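J.: need coordinates for the below:
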Amino acid sequence: MRRIGFIVVALFIFTGNSVAQETVDHWESLVNAENMWRYFPGASEPPGTWIDIDFDDNIWNEGPGGIGYGDEDDGTSIGATGSVYLRIKFTVTDLNQLEQAILLADYDDAYVAYLNGQEISRGGISGARPPYNQFADSAHEADLYQGFYPSEVFISKSGVEQHFLLGENVLAVQVHNINTTSSDLSSNFYLLVGINISGNVYQQVPPWFRAPINFESSNLPIIKIDTKGSSILDEPKIAASMGIVDNGFGNINHTNDAFNDYDGPIGIELRGSSSQALFPKKQYAVELWTNSGQDTSASILGLPEEEDWVLYAPYSDKSLIRNLLTYKLGENLGWYAPRTRLVELYLNESYQGVYMLTEKIKRDKNRVDISKLNPDENSGNDLTGGYIVKLDKYDGPTQGLGWDSPIPPPRRSENQLVHYQYHYPKEDEITFDQQNYIQNYITDFEQSLNGPKYRDIREGYKNYINVESFIDFSIINELTKNVDGYRLSTFIYKDKDSEDDKLYLGPIWDFNLAFGNANYCEGAETQGWAWDFNTICNGDWWLVPFWWRRLLRDPEYVIQYQNRWEELRAGVFSNESILNYIDSTVIVLDEPQQRNFTKWPILNEHIWPNNYVGGSYENEIYYLKTWITERLAWLDSNIAALDIITALHETGLSAKSFTIYPNPNNGNFNISIPGSRFTNLNLMVHNKLGRIIHHESINVEKADYWNCELNKLSDGLYFIQIHNGNQLLYTEKIIVN
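T.: You can find the predicted model right below:
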């Protein structure tokens with residue numbers, strides 16, 4: 001039997017800011033899907049009283065549920081229809097025995113459920129009483145036949161007292177299709193109750209049922225969201241309320257504490273691409289609203305105030321911390337990276353597990369701090385910034401506003417192109433002049449980098465980009481070996497020229513498939529370069545731009561890359577620093593992760609695209625730490641071994657054409673110079689941080705060698721470069737001692 005997971009839809013009944021803590025001895029079913037139901041295919045509108053107890057449904061058809069067609073998950077098969085109406089009666093023998101209730105809804109494509117004439121839940125359709133010929137707002141695939149758990153609606157003790165009756169009750173459900181030509185329609189519904197006495201009173205629950213998780217306290221902040229009976233859609237955002245309990249660092253948060261952080265209205269929608277389709281644990285985009293529905297900014301859990309937030313749901317990442325760890329490493333690099341807080345989430349009183357409250361990437365003084373670009377700024381310095389563009393998935397080859405890079409990605413197998421998308425200003429707000437400006441700027445950078453003078457002081461790529469940001473972005477993606485790195489969730493930003501005229505790479509985003517968590521395209525291997533994805537996986541539509549292979553042909557870039565790696569390894573990227581951070585985070589997650597994996601019991605199961613299935617949280621963390629240790633060792637060796645003399649392949653010279661001797665030396669050394677065809681040679685000396693500390697011209701007319709007297713150099717490692725005008729001819733390391 002396949003694993004069953006949860007998908008939460010909506011809750012109509014909410015009891016304030018406390019989670020139900022009633023005593024439940026066990027759970028039983030009042031209604032199972034396979035029971036006998038009365039049903040009416042929606043060829044016309046049924047009487048308005050069809051949801052009431054005393055409605056006479058004897059003229060309706062009768063059959064075992066579910067009622068539907070197309071997915072082979074039906075007890076009763078019916079013909080194609082746009083809607084179907086269902087009723088089932090059940091008896092409650094003692095109301096005092098009922099502590100809680102749960103409606104489990106497995107449906108395709110939308111439904112509204114009523115208990116004794118009162119709406120208790122809905123999913124995927126709007127309108128107070130949708131008519132028989134109204135279609136679902138969006139497509140929704142049934143869950144059970146796929147091995148997933150159906151949508152769950154929790155009803156608290158007060159909800160039970162409000163909606164259940166002693167004696168006869170009726171559950172009525174209307175199910176709506178996405179259209180009349182749809183190939184399937186499903187309706188499997190269960191109504192379960194938590195009973196406070198021992199012994200069997202009603203029916204047995206389905207064998208795959210898992211009782212809801214109730215707990216009293218957490219060391220993590222607790223977030224509670226109430227959608228007030230509405231389904232959370234892919235878009236647009238729906239109105240909801242959110243409250244947060246956070247008693248401060250080192251203090252315990254209780255589920256029945258009053259909200260003491262944020263407490264107010266929000267807009268909420270589903271987010272994510274593949275995760276939304278594949279995983280029952282959903283992630284959400286949250287926007288803070290005023291009571292009138294306007295955007296508003298606020299500080300949440302100590303993070304700088306803003307209006308847009310993400311509730312990220314680690315699911316296939318069973319360590320729960322891959323994104324958290326990567327954003328921390330990005331912050332340690334000195335750049336802006338999304339700030340985060342680990343939390344436990346309740347949605348409509350149903351526990352959802354460990355989440356990560358994360359800043360959404362956007363232009364803001366506390367996030368990507370670049371100038372605001374207004375629609376009327378279309379010339380001069382005003383036009384030059386700020387912009388955020390991204391490389392990411394899209395629907396179809398060229399879906400949405402943006403542009404294709406004129407330079408194809410290397411090692412493509414079909415006609416793949418790198419496609420840029422507008423992130424800020426948004427594609428429906430950016431003007432024509434602004435589109436042209438940022439497209440031309442990035443295209444000029446790419447053409448410069450791809451051209452014969454890409455290392456030229458005046459015409460080369462360094463005139464367009466902040467090299468340090470590109471290096472640090474690469475280092476993060478190489479350390480994590482993110483299979484999505486460089487090609488998806490990749491952001492680029494530019495400010496106004498008056499502030500900074502360079503392109504910056506970042507902020508970093510989305511590393512759930514990193515650190516050996518992908519079983520394709522060598523993502524789990526601790527060896528190999530992440531930037532070489534196209535060579536490994538050139539069948540993928542989204543490929544890595546040509547930049548990285550080209551940059552590594554520039555010796556100056558390679559030297560700077562190597563020096564930065566050495567600097568980081570001596571500090572924030574040391575084994576000790578990274579592993580200590582993991583250990584400290586795991587301690588914080590000790591109890592919350594246990595609740596999370598009770599809610600989502602997947603530790604023994606392969607969840608796409610896991611390379612490793614550990615069977616326990618401890619094993620997942622051990623795998624993560626071991627993978628990181630081995631990856632760091634590989635990078636130490638291979639970054640040091642990067643070829644810094646690749647430019648010689650373009651000049652036609654060989655490494656033996658120039659020679660430095662002696663080496664090591666005391667600061668005095670000779671440079672042999674091949675032939676006399678050079679007339680404008682220059683010598684540059686860089687320290688290990690890449691800074692130029694000495695520069696002089698070489699007179700090649702006097703001799704075929706040059707004597708350098710650099711007695712002022714202190715002991716250490718230096719890099720010698722020889723240029724012919726603006727063309728780099730030779731690079732070599734020297735050791736002064």
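J.: need the contact list for the closest residue to residue 127 other than its chain neighbours.
T.: Excluding its sequence neighbours, the residue lying closest to residue 127 (Cβ to Cβ, 6 or more residues apart in numbering) is residue 134, at 6.4 Å. (Each C-beta comes from the backbone N, C-alpha and C, glycine too.) Residues near residue 134 by Cβ atoms under 8 Å, 6 or more residues apart in numbering: 83, 125, 127, 176.
J.: the first one bridge partners, please.
T.: In this structure, residue 83 has the following beta-bridge partners (DSSP bridges): residue 176.
J.: now name the helix or strand holding the residue most central in space within the chain.
T.: Centroid-nearest residue in the chain: residue 510, 4.1 Å away (criterion: Cα atoms, centre = their mean). For residue 510, there is no host helix or strand (DSSP states H and E).
J.: how long is stretch 608-628 end to end?
T.: Terminal residues of stretch 608-628 are spaced 21 Å apart (Cα to Cα, to the nearest Å).
J.: go through it and flag the buried ones.
T.: For stretch 608-628, the neighbour count (16 or more other Cβ atoms under 10 Å) marks 609-612, 614, 617, 620-621, 623-625, 627-628 as buried.
J.: now do the closest residue to the residue nearest to the centre of the chain other than its chain neighbours, the pLDDT please.
T.: Once flanking residues are discounted, residue 510 sits nearest to residue 489: 3.9 Å by Cβ to Cβ, 6+ apart. In this model, residue 489 is scored at 95, pLDDT.
J.: where's residue 489 relative to residue 691, distance?
T.: 33 Å (Cβ to Cβ, to the nearest Å).
J.: those two: who's more crowded?
T.: Shown here are residue 489 and residue 691; by other Cβ atoms under 10 Å, residue 489 has more neighbours (19 against 10).
J.: now the phi/psi pair for the more buried one, please.
T.: Main-chain dihedrals, residue 489, degrees, to the nearest 10: phi 50, psi 40.
J.: contacting residues for it?
T.: Each residue near residue 489 by Cβ under 8 Å, 6+ apart is listed here: 390, 391, 392, 509, 510.
J.: with residue 614 instead?
T.: By Cβ under 8 Å, 6+ apart, the contact list for residue 614 reads 318, 603, 620, 622, 623.
J.: so what's the residue count around residue 43?
T.: Count around residue 43 with other Cβ under 10 Å applied: 12.
J.: just to be sure, it is in a helix?
T.: No - counting by DSSP: H, G, I helix; E, B strand; the rest coil, residue 43 is not part of a helix but coil.
J.: what residues are up against the closest residue to residue 44 other than its chain neighbours?
T.: Among residues not flanking residue 44 along the chain, residue 132 sits closest, at 6.3 Å (Cβ to Cβ, 6+ apart). When contacts are counted by Cβ under 8 Å, 6+ apart, residue 132 touches 42, 43, 44, 45, 46, 82, 83, 85.
J.: isn't residue 372 right up against residue 386?
T.: Yes - assessed by Cβ atoms under 8 Å, residue 372 is found in contact with residue 386 at 6.9 Å.
J.: more neighbours: those two, which one.
T.: Between residue 372 and residue 386, residue 386 has the larger neighbour count (other Cβ under 10 Å), namely 20 against 13.
J.: now that one, nearest residue through space, not along the chain?
T.: Nearest to residue 386 is residue 370, by Cβ to Cβ, 6+ apart, at 3.1 Å.
J.: elements contacting the lengthiest helix in the chain?
T.: Assignment by DSSP state H gives helix 617-640 as the longest helix of the chain. Using 3 or more Cβ pairs under 8 Å, 6 or more residues apart in numbering; DSSP states H and E, the elements in contact with helix 617-640 are helix 467-480, helix 555-569, helix 575-588, helix 590-599.
J.: of the buried residues of stretch 608-628, which pair is most distant in space?
T.: The span of the buried residues of stretch 608-628, defined through Cβ to Cβ, is set by 609 and 625 at 20.3 Å.
J.: look at the closest residue to residue 622 other than its chain neighbours and tell me its secondary structure.
T.: Closest residue in space to residue 622, ignoring its immediate chain neighbours: residue 614 at 7.4 Å, by Cβ to Cβ, 6+ apart. At residue 614 the chain is in coil, as set by three-state DSSP.
J.: how close does residue 614 sit to residue 597?
T.: Applying Cβ to Cβ, the value for residue 614 to residue 597 is 11 Å.
J.: below-threshold pLDDT in this protein: ranges please.
T.: For the chain, residues meeting the criterion pLDDT under 70 lie at 1-22, 277, 395-400, 643-657, 674-679, 688-690, 699-703, 726-728.
J.: which parts of it are helices?
T.: For the chain, applying DSSP H gives helices covering 157-163, 274-278, 322-332, 432-450, 467-480, 533-536, 547-551, 555-569, 575-588, 590-599, 617-640, 648-651.
J.: phi and psi next, for the closest residue to residue 369 other than its chain neighbours.
T.: The shortest distance from residue 369 to any non-neighbouring residue, by Cβ to Cβ, 6+ apart, is to residue 336 (7.1 Å). Per-residue torsions, residue 336: phi -70, psi 130 (degrees, to the nearest 10).
J.: residue contacts, residue 336?
T.: By Cβ under 8 Å, 6+ apart, residue 336 lies in contact with 367, 368, 369, 506, 507.
J.: can you flag the buried ones in these?
T.: Buried members of those, scored by 16+ other Cβ under 10 Å, are 367, 368, 506, 507.
J.: how does this protein divide up, domain by domain?
T.: 7-195, 217-359, 380-569, 651-736 (automatic domain parsing).
J.: any idea which of those domains gets closest to residue 579?
T.: Nearest to residue 579 among these is domain 217-359 (10.5 Å), distances taken as Cβ to Cβ.
J.: just how off-centre is that closest one within its chain?
T.: Relative to the chain's own centre, domain 217-359 is displaced by 13 Å; criterion: Cα atoms, centre = their mean, to the nearest Å.
J.: quick one: end-to-end length of it, please.
T.: Note: domain 217-359 ends 25 Å apart using Cα to Cα.
J.: relative to residue 284, how far out is the residue nearest to residue 44?
T.: Applying Cβ to Cβ, the value for residue 132 to residue 284 is 32 Å.
J.: surely residue 545 touches residue 408?
T.: No - using Cβ under 8 Å, residue 545 makes no contact with residue 408, being 9.6 Å away.
J.: of the helices of the chain, which is nearest residue 297?
T.: Each of the helices of the chain was scored for nearness to residue 297 using Cβ to Cβ, and the closest is helix 322-332 (21.0 Å).
J.: hmm, who's touching the closest one?
T.: 312, 314, 317, 337-340, 342, 356, 358, 476, 479-480, 506-508, 510-512, 514-515, 517, 572-573, 578, 581-582, 585, 624.
J.: if we can go back for a sec, from the contacts of residue 489, which is closest to residue 94?
T.: Closest to residue 94 out of those is residue 510 (51.4 Å), distances taken as Cβ to Cβ.
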